[in-house]
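Participant: Could you look at this predicted model? Sequence included:
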Amino acid sequence: MKIALDDFGTGFASMTELKNLPIEILKLDMTFVRGIVRDNFDKAIVESIIHLSKALNLEVVAEGIESSTIVDKLRELGCHRGQGYLISMPMAASELETLLEAGSVLESLLRSGDVDTFDASDA
């Protein structure tokens with residue numbers, strides 16, 4: 001089991017928590033992720049959090065992925081894990097196998113371990 005800090009960059013999910021909690025994953029808040037292709041401030045924030053995560057040896061997961069353009073930009077910035085409606089609506093883990101068998105999720109988004117692909121295992 002890993003501990004994730006959800007909605008990082010907003011509300012109570014602050015930099016202080018990086019020091020005080022035994023977290024292993026930062027989840028980028030969707031308000032920044034959704035804007036990375038059109039807003040330079042959102043892009044800079046996301047890029048900074050990705051670099052910070054790497055420097056602190058933390059995994060980073062982008063929330064709110066709704067377009068392939070966002071996936072492409074996240075890959076370019078070094079984020080290879082994410083969740084969002086592009087991948088799937090929220091569902092129970094038991095339903096995931098059926099979804100994959102039906103081919104309803106882009107397989108290229110689900111391959112893990114390859115930095116050139118996007119791991120949607122948190123969907």
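Facilitator: Here it is on my side, so go on.
Participant: what residue ranges in this protein score low on pLDDT?
Facilitator: Applying pLDDT under 70 to the chain flags residues 12-14, 103-123.
Participant: Swap in 50 and give it another go.
Facilitator: Applying pLDDT under 50 to the chain flags the ranges 110-117, 121-123.
Participant: where along it do the strands fall?
Facilitator: Taking DSSP state E as the test, the strands found in the chain are 4-8, 25-28, 59-62.
Participant: Output those as CSV; include the columns distance to residue 81 and mean neighbour count.
Facilitator: C-beta: built from backbone N, CA, C; applies to glycine. As requested, the strands of the chain are exported to CSV (distance: least, Cβ to Cβ, whole Å; neighbours: other Cβ atoms under 10 Å):
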stretch, distance to residue 81, mean neighbour count
strand 4-8, 11, 18
strand 25-28, 8, 23
strand 59-62, 5, 24
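Participant: Can you say which of those strands is nearest to residue 41?
Facilitator: With Cβ to Cβ as the criterion, residue 41 lies closest to strand 25-28 of these, at 14.1 Å.
Participant: which residues does residue 81 form a beta bridge with?
Facilitator: Taking DSSP bridges, one finds residue 119 as the beta-bridge partners of residue 81.
Participant: I'd say it and residue 61 touch.
Facilitator: Yes: applying Cβ atoms under 8 Å, one finds residue 81 in contact with residue 61, separated by 4.6 Å.
Participant: how far away is residue 28 from residue 80?
Facilitator: Going from residue 28 to residue 80 by Cβ to Cβ, to the nearest Å gives 12 Å.
Participant: For the nearest residue to residue 78 once chain neighbours are set aside, which residues are in contact?
Facilitator: Nearest residue to residue 78 in three dimensions, chain neighbours excluded: residue 50, at 5.0 Å (Cβ to Cβ, 6 or more residues apart in numbering). Residue 50 makes contact with 28, 60, 77, 78, 79 under the criterion Cβ atoms under 8 Å, 6 or more residues apart in numbering.
Participant: Grab the longest helix from the chain for me.
Facilitator: Identified as the longest helix of the chain according to DSSP state H is helix 40-55.
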